[in-house]
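A.B. asks: Fold the stuff below for me.
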Amino acid sequence: MKKLAMLIFIIILAILNVSDSHGDDTDLFTLNVQPEVLIILDMSGSMNWNSAGSPAEYPNRRIDIARSVIYDLLDNNDDGKDSNNDPKFIDKTDEETLNVRIGYMRFRGVGEADNDDGNPKTGDIIVFNETEMGESYRTIWEKVSDPNETATGCTPLAASLVEAGIYYRDYINPSDTAKACRQKFIILITDGSDTVACNGDCSENAPDMWKRRYLTVLRAKNLYTPPAGGLLNPNIVPLQVFAIGFGGSMPEQLKTTLNWVAKYGGTNNPLEDDAGDPNAYDITTYPGECDVTDSNADPAKYSLSGYAFLVDRICLLSRRRYTTEQSLKNDCQIRARKILFLYSSLRSYCSTGRRRYGLRFFLHSKQHPILAREYKGFPIKTRWNSRIR
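C.D. replies: Here you go, the predicted model:
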């Protein structure tokens with residue numbers, strides 16, 4: 001669980017840093033604008049397995065681990081770390097210190113060839129009233145931990161990304177007076193491939209699985225770089241997509257697909273060096289969606305790593321010895337919160353005097369000397385580029 005928690009906190013660190021880069025010393029008037037994060041949780045049937053892919057019981061199932069990680073995120077001051085996820089420790093203090101507006105979407109109970117109803121407020125892919133963007137962290141946690149919310153069904157990754165975009169477009173952005181400068185993110189947490197798009201039968205072994213992988217990446221691309229026509233709608237703004245995959249049994253084609261989801265979603269994993277040619281897979285050359293006929297549209301054919309957060313790779317960090325202010329029993333249990341706390345006061349600023357359409361953020365010695373190379377032995381990429389076009 002701590003491995004996945006570390007990834008979540010690194011992502012939140014990224015969100016805070018990227019958001020902070022909107023402001024500079026030349027701005028005469030600034031507004032404090034909290035970033036927005038929509039967490040999408042995979043609650044398909046395989047979430048009842050353990051990380052190795054075998055049937056499991058509480059608290060060793062993937063869904064238990066994912067829930068504990070979300071609790072650890074919401075409990076920002078960590079006062080409930082030994083409470084067995086007691087909701088009373090998630091309070092206003094956590095919201096004020098983290099300073100991120102959070103919403104929660106989950107999918108469960110999805111059947112064959114089921115892409116849901118296209119409405120993120122109803123159906124099997126849903127944002128509940130209790131988990132709307134900006135609801136209290138405690139209210140969100142109480143729904144996340146609802147015992148009636150059992151893991152079941154297939155995996156609609158592409159449809160979930162579509163409904164996340166609809167949620168921002170129709171339910172969040174119309175009333176957001178700061179949408180021109182507020183940073184908006186999606187964190188997709190999953191353990192499997194899309195198995196229902198393009199008339200999928202819930203199997204991961206179908207001969208046309210490549211179409212579902214293609215469509216998943218395409219949906220992430222359209223969120224980050226909306227098609228030209230979409231930009232005419234003022235409520236469609238770029239959404240950056242973080243991809244987190246976990247489970248030791250995750251096949252290589254899924255890992256590669258999630259890396260392309262993150263790449264086309266405009267995000268990067270600062271903990272892992274990039275590998276593969278990020279220009280090798282040009283998804284724009286393949287027209288259509290499920291009607292695509294060229295199997296070269298399969299993202300799994302183009303090796304890529306260093307963009308998504310893959311839990312089974314994080315222990316590669318333990319090949320060297322790390323030290324923190326307190327000794328740790330396991331190198332893989334290094335907490336990203338130690339880094340996050342350094343910048344927990346970072347805020348998102350938007351200039352009221354001019355609108356900014358481009359964003360590039362670099363970690364280098366002049367900006368953040370501690371994070372330029374590592375934090376107490378914790379390696380960070382020396383150049384971290386996050387751009388909104």
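A.B. asks: what ranges do the strands span in the stretch 101-250 of the chain?
C.D. replies: For the stretch 101-250 of the chain, applying DSSP state E, counting those that start in this stretch gives strands covering 101-107, 125-127, 184-190, 240-245.
A.B. asks: Serialize the ones you listed to CSV and add fields for mean neighbour count.
C.D. replies: Bear in mind the C-beta positions are built from the backbone N, C-alpha and C, glycine included. Below are the strands of the stretch 101-250 of the chain laid out as CSV (neighbours: other C-beta atoms under 10 Å):
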stretch, mean neighbour count
strand 101-107, 23
strand 125-127, 24
strand 184-190, 25
strand 240-245, 26
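A.B. asks: closest to Thr150 out of those?
C.D. replies: Thr150 sits nearest to strand 101-107 of all those, at 11.2 Å, using C-beta to C-beta.
A.B. asks: Each with direction, which strands does the closest one pair with?
C.D. replies: Paired strands of strand 101-107, with direction, are strand 36-42 (parallel), strand 125-127 (antiparallel) (DSSP bridges).
A.B. asks: I'd like the distance from the shortest one to the chain centre, please.
C.D. replies: Spelled out, that is strand 125-127. 16 Å (C-alpha atoms, centre = their mean, to the nearest Å).
A.B. asks: just the longest one next, same as before
C.D. replies: On the basis of C-alpha atoms, centre = their mean, the separation between the geometric centre of strand 36-42 and that of its chain is 7 Å.
A.B. asks: which element follows it toward the C-terminus?
C.D. replies: Next in sequence after strand 36-42, counting helices and strands by DSSP states H and E, comes helix 62-74.
A.B. asks: other SSEs contacting that following helix?
C.D. replies: On a contact count with 3 or more C-beta pairs under 8 Å, 6 or more residues apart in numbering; DSSP states H and E, helix 62-74 meets helix 2-20, strand 36-42, helix 137-144.
A.B. asks: so where's the stretch 251-389 of the chain uncertain?
C.D. replies: Across the stretch 251-389 of the chain, the ranges flagged by pLDDT under 70 are 312-389.
A.B. asks: How about the stretch 1-150 of the chain?
C.D. replies: In the stretch 1-150 of the chain (pLDDT under 70), the answer is 1-10, 13, 16-31.
A.B. asks: what about 50?
C.D. replies: 21-30 (pLDDT under 50).
A.B. asks: Select, out of the strands paired with strand 101-107, the one closest to Ile187.
C.D. replies: strand 36-42 (5.0 Å).
A.B. asks: Identify all contacting residues around the closest one.
C.D. replies: For strand 36-42, contacts defined as C-beta atoms under 8 Å, 6 or more residues apart in numbering pick out 12, 15, 66, 70, 100-107, 127, 133-134, 144, 155, 157, 160-161, 164, 167-168, 172, 182-192.
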